[in-house]
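Colleague: build me a model:
(chains A and B)
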Amino acid sequence: MTLTTANPACVLTGPHFLDGDCACSEGAIAAGANFAAGYPITPSTEVVEHFASRIPTVGGVFLQMEDELASSIAILGASWGGAKAFTVTSGPGFSLMMEHIGYAAMTETPCVFVNVQRGGPSTGLPTLPGQADMMQARWGSHGDYEIIALCPNSPQECFNLMIDAFNLAEEYRTPVLVMMDECVGHMTEKVVIPPAEEIKIFPRRYTSLPPSEYLPFRPGPDGIPEMAKAGQGYHAEVTGLTHDEHGYPAMNWQAQHKLVSRLVGKIRDNADRIGRWEEKGLEDAEVAVVAYGITSRVAERAMQMARAEGLKVGLLRPVVVWPFPEKRIRELSLRVRAWVVVEMNYGQMVNEVERCAAGHARTVLLGHGGGTVHEPEEILKAIREAAA
Amino acid sequence: MSTFINPVEPFLRADRMPHIWCPGCGIGTTVNCFARALVESKLPLDNVAVVSGIGCTGRVAGYIHLDSFHTTHGRAIPFATGLKLANPNLHVVVYSGDGDLIAIGGNHFIHAARRNVDITVICVNNLTYGMTGGQVAPTTPVGATATTSPYGCFERPFNLPFLAESSGAVYVARWTAFHVRHVAHAMGEAFQKKGFSFIEILSPCPTLYQRRNKMGDGLETMRYYKQHSIIKNGAKTHDVDINLQGEIIVGKFVDIERPTLQQTMEQQLRQTLKDRYAG
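Modeller: Numbers count the residues shown, from 1 in each chain, chains lettered A, B, ... in the order given. Sure, this is the predicted structure:
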């Protein structure tokens, strides 16, 4: 697939002072998003407020829907209508959207869901940060599927990762989740928006076959089918039922195995290509900290403090959280003594780290229920204990 | 010898036949009307998309040989809203059942009517949940028996035309599966209508509703529709409640003009943004 570049009319090239929510919105627009539907929910609302203000001036639609169920399927209808579409929410709304993440996975509908995480469960802490939806992101919809989820730790990265999210959604024909948190969403920093020609866009995989030869769910050589836009005579049938290559419902285990193994495989088999993480100070590390989102920035401060004390500490920050950087954690577990996993929850990604460490390195959780970021000193203390 | 081709056959995915509907069910009859309405409307078929939710009527989209979307339970209307706004050239028809559109999807129904989204909503109302085995629905008449109202339904049902009109629909009609020509004609009118058009079609569910309520089979229900329907075009929608027994008021109740969502959106944005509006 030949990459194209962003439409210059959509890209506000230059330095800006933006919060993460607005940077996320600008990233979506730069990526070519021309449809968003959403329902107001703190702390994510600024993303759609910004989009609602900007999109009529560059071409596109924002619709505030009656709830998150409506928002999360309106974007799927829009995607089949030819739009690049996304929705934005936070915890309670994310719970309501789960069914449509599954529907998007099953129907291979390119789309992006943003969750600006707050403290939970339930209504929880609407205005304060959390990172407790990470496993919901992975497993929240029923049935078997693989998901791609990205986790920015700055407004700049909110911008950058929205472009990546849309590109991955198109490349793999899958819903992509962007798992922000309240701190990243509401912090204001410098965001440099590059020139449009430097922003690479993965175009939709539209078929070039005539309708008579086209099967809507026949996988290409890379396991991913080509799409047909509604209104062009392809008469594709799209269903959330288990289906065959025609898109026709097929209620038997053979069709189920064929379809679901392909849906899982197209992401699982490409985990190395999709996966991305950042490493700091891991070359000689005896203790490695794993942190993502806003927590990674506090963890980096703690790492510097520990280094100043002479402790050999490094940091691994998953940027793509799903698929998890499994292979890298396995490799590093053979040479670090301990992992310290810092997250604003009572233990989610730590289970992945512990699974990958497979007993080769000790795994320690430093978690809490959200509402505030960790103090660097607490992380330092955990590092010292792990190093002892 | 010439080969007879059923005039609706080109509109169906023949390779998906036989369909799942029971003998005596009215859904297939409405699909026949739909195909005839499409022929007569001369709409460019490649621009027609059918969106269904879940349930017996939810299977309609899958049998129609057009761009067709079988979505999640209750969410056909917001899917259709996104589809239509992303591609305004499409003629989007939502085709689903009473449980799907009015129970789980009720919120979307009233909001799409309020916004006047330019779609046609066809609701086949069999007064029950057929696919799951005949449970009570928000359309089940008081006194009717269902698996989850074994001693008779005690909740007042929705009057769908009244709900549609009060929410803002620009076209509202009710017919039964007996009134095949009226149904096809109403569909044709709805296709031409700009805005949220709504057609309720009462349909027998002989397997689960009529049988349980000792109302006979599909044919007897057709006879009932024939004998008890009263055509009252322009009737006040608050007067058209459906009861367990008694008359069924059918006809075209509402046919008004009101700007669509697309029109009000564009007008507002153009007026405010002037030449900054990118359209």
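Colleague: any weak-confidence spans in the stretch 51-200 of chain A?
Modeller: The stretch 51-200 of chain A contains no residues with pLDDT under 70.
Colleague: can you map out the strands along it?
Modeller: Listed in chain order, the strands of the stretch 51-200 of chain A (DSSP state E, counting those that start in this stretch) span residues A:61-64, A:85-89, A:111-119, A:125-129, A:148-150, A:175-181, A:188-193, A:200-201.
Colleague: go on, the stretch 1-150 of chain B?
Modeller: Counting by DSSP E, counting those that start in this stretch, the stretch 1-150 of chain B has strands at residues B:48-52, B:67-70, B:91-97, B:120-125.
Colleague: so which of the ones you listed gets nearest chain A?
Modeller: strand B:67-70 (3.8 Å; Cβ to the nearest Cβ). Heads up, the C-betas are built off the backbone N, CA and C, glycines and all.
Colleague: that closest one: how far from the chain's middle?
Modeller: Taking the mean of its C-alpha atoms, strand B:67-70 sits 15 Å from the chain's own mean (Cα atoms, centre = their mean, to the nearest Å).
Colleague: may I have that strand as PDB, with CA atoms only?
Modeller: Taking Å, rounded to 0.1, in the frame of the first residue of the first chain, the C-alpha atoms of strand B:67-70 are listed here in PDB:
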ATOM      1  CA  ASP B  67     -25.300  -2.400   0.500                       C
ATOM      2  CA  SER B  68     -26.600  -3.900   3.700                       C
ATOM      3  CA  PHE B  69     -25.600  -3.600   7.300                       C
ATOM      4  CA  HIS B  70     -26.700  -5.900  10.100                       C
END
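Colleague: give me the sheet partners of that strand and which way each runs.
Modeller: Counting by DSSP bridges, the strands paired with strand B:67-70 are strand A:237-239 (parallel), strand B:48-52 (parallel).
Colleague: what is the rounded mean pLDDT of the longest one?
Modeller: Summarised as a single mean, pLDDT over strand B:48-52 is 98.
Colleague: by how many degrees do that strand and strand B:120-125 diverge?
Modeller: 40 degrees (axes from the mean of the first three to the mean of the last three Cα atoms, to 10 degrees).
Colleague: CA atoms only: put strand B:48-52 into PDB for me.
Modeller: C-alpha atoms of strand B:48-52 as PDB (Å, rounded to 0.1, in the frame of the first residue of the first chain):
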ATOM      1  CA  VAL B  48     -29.700   2.600  -1.500                       C
ATOM      2  CA  ALA B  49     -28.300   1.200   1.800                       C
ATOM      3  CA  VAL B  50     -30.300  -0.900   4.200                       C
ATOM      4  CA  VAL B  51     -29.500  -1.000   7.900                       C
ATOM      5  CA  SER B  52     -31.000  -3.400  10.300                       C
END
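Colleague: which stretch among the strands of the stretch 51-200 of chain A comes nearest chain B?
Modeller: Using Cβ to the nearest Cβ, the strands of the stretch 51-200 of chain A put strand A:61-64 closest to chain B, at 5.0 Å.
Colleague: who touches that closest one?
Modeller: Here strand A:61-64 makes contact (Cβ atoms under 8 Å, 6 or more residues apart in numbering or on different chains) with A:34-40, A:48, A:51-52, A:55, A:74, A:78, A:83, B:81-82, B:85-86, B:265.
Colleague: redo that, cut-off 7 Å
Modeller: A:34, A:35, A:36, A:37, A:38, A:39, A:48, A:51, A:52, A:55, A:74, B:85 (Cβ atoms under 7 Å, 6 or more residues apart in numbering or on different chains).
Colleague: so for residue B:15, which of the strands paired with strand B:67-70 sits nearest?
Modeller: Residue B:15 sits nearest to strand A:237-239 of all the strands paired with strand B:67-70, at 10.9 Å, using Cβ to Cβ.
Colleague: quick check: next helix or strand after that closest one?
Modeller: Using DSSP states H and E, the helix or strand that follows strand A:237-239 in sequence is helix A:253-268.
Colleague: pull out the buried positions in that following helix.
Modeller: A:255, A:258, A:259, A:260, A:262, A:263, A:266, A:267 (16 or more other Cβ atoms under 10 Å in any protein chain shown).
Colleague: deepest-packed of the strands of the stretch 1-150 of chain B, please.
Modeller: Comparing the strands of the stretch 1-150 of chain B by mean neighbour count (mean count of other Cβ atoms under 10 Å in any protein chain shown), strand B:91-97 comes out on top with a mean of 30.
Colleague: run the chain-centre distance for that one.
Modeller: 7 Å.
Colleague: what two of the contacts of strand A:61-64 have the greatest distance between them?
Modeller: Top of the distance list for those (Cβ to Cβ): A:34 and A:39, 19.4 Å.
Colleague: quick one, domains of chain A?
Modeller: A:4-201, A:278-387 (automatic domain parsing).
Colleague: in JSON lines: the ones you listed, plus mean neighbour count.
Modeller: Output for these, formatted as JSON lines (neighbours: other Cβ atoms under 10 Å in any protein chain shown):
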{"stretch": "domain A:4-201", "mean neighbour count": "23"}
{"stretch": "domain A:278-387", "mean neighbour count": "20"}
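Colleague: and the residue nearest to residue B:70 when sequence neighbours are not counted, what is it in contact with?
Modeller: Leaving out its chain neighbours, the residue that sits closest to residue B:70 by Cβ to Cβ, 6 or more residues apart in numbering or on different chains is residue A:239, at 3.8 Å. If you count contacts by Cβ under 7 Å, 6+ apart, residue A:239 has them with A:247, A:249, B:62, B:70.
Colleague: please enumerate the helices of the chain.
Modeller: All of this refers to chain A. A:20-31, A:45-58, A:68-80, A:91-107, A:134-139, A:155-172, A:182-186, A:253-268, A:271-274, A:294-308, A:326-333, A:349-357, A:376-387 (DSSP state H).
Colleague: hmm, no, I was thinking of chain B.
Modeller: All helices of chain B, identified by DSSP H, fall at B:27-41, B:60-63, B:76-86, B:98, B:106-115, B:160-167, B:180-192, B:218-228, B:261-273.
Colleague: out of these, the one nearest chain A is which?
Modeller: So among the helices of chain B, helix B:76-86 is nearest, using Cβ to the nearest Cβ, at 3.1 Å.
Colleague: what pLDDT does residue 38 get?
Modeller: In the absence of a named chain, chain A is used. pLDDT, read off for residue A:38, is 98.
Colleague: actually chain B
Modeller: In this prediction residue B:38 is given a pLDDT of 95.
Colleague: what sits against it?
Modeller: Taking Cβ under 7 Å, 6+ apart, we find residue B:38 in contact with B:11, B:45, B:48.
Colleague: which of those lies closest to residue A:295?
Modeller: residue B:48 (50.5 Å).
Colleague: close to chain B, is stretch A:39-50?
Modeller: No - on the criterion Cβ under 7 Å from any Cβ of the partner chain, stretch A:39-50 is out of touch with chain B, staying 11.0 Å away.
Colleague: with stretch A:23-37 instead?
Modeller: Yes - with Cβ under 7 Å from any Cβ as the criterion, chain B is reached by stretch A:23-37 at A:35, A:37.
Colleague: ends of that stretch, how far apart?
Modeller: Criterion Cα to Cα, to the nearest Å; first-to-last residue distance in stretch A:23-37 is 17 Å.
Colleague: now swap in stretch A:144-159 and tell me
Modeller: Note: stretch A:144-159 ends 30 Å apart using Cα to Cα.
Colleague: anything in it near chain B?
Modeller: No - using Cβ under 7 Å from any Cβ, stretch A:144-159 stays clear of chain B, with a minimum separation of 14.7 Å.
Colleague: next: stretch A:170-190.
Modeller: No - Stretch A:170-190 stays out of contact with chain B when judged by Cβ under 7 Å from any Cβ, the minimum separation being 13.6 Å.
Colleague: can I get that stretch in PDB? Just the C-alpha atoms.
Modeller: Extracted C-alpha coordinates of stretch A:170-190, given in PDB (Å, rounded to 0.1, in the frame of the first residue of the first chain):
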ATOM      1  CA  GLU A 170      -6.600   1.600   8.100                       C
ATOM      2  CA  GLU A 171      -3.700  -0.800   7.700                       C
ATOM      3  CA  TYR A 172      -5.200  -3.600   9.900                       C
ATOM      4  CA  ARG A 173      -8.900  -2.700   9.400                       C
ATOM      5  CA  THR A 174      -9.500  -2.700  13.100                       C
ATOM      6  CA  PRO A 175     -10.600  -0.400  15.900                       C
ATOM      7  CA  VAL A 176      -7.600   1.400  17.500                       C
ATOM      8  CA  LEU A 177      -7.700   2.700  21.000                       C
ATOM      9  CA  VAL A 178      -5.900   5.700  22.300                       C
ATOM     10  CA  MET A 179      -5.600   5.400  26.100                       C
ATOM     11  CA  MET A 180      -4.900   8.900  27.400                       C
ATOM     12  CA  ASP A 181      -5.300   9.900  31.100                       C
ATOM     13  CA  GLU A 182      -6.700  13.000  32.700                       C
ATOM     14  CA  CYS A 183      -3.200  14.500  33.300                       C
ATOM     15  CA  VAL A 184      -2.000  14.100  29.800                       C
ATOM     16  CA  GLY A 185      -5.400  15.300  28.500                       C
ATOM     17  CA  HIS A 186      -5.400  18.500  30.600                       C
ATOM     18  CA  MET A 187      -1.700  19.400  30.700                       C
ATOM     19  CA  THR A 188      -0.600  22.200  28.400                       C
ATOM     20  CA  GLU A 189       2.700  22.000  26.600                       C
ATOM     21  CA  LYS A 190       4.400  22.900  23.400                       C
END
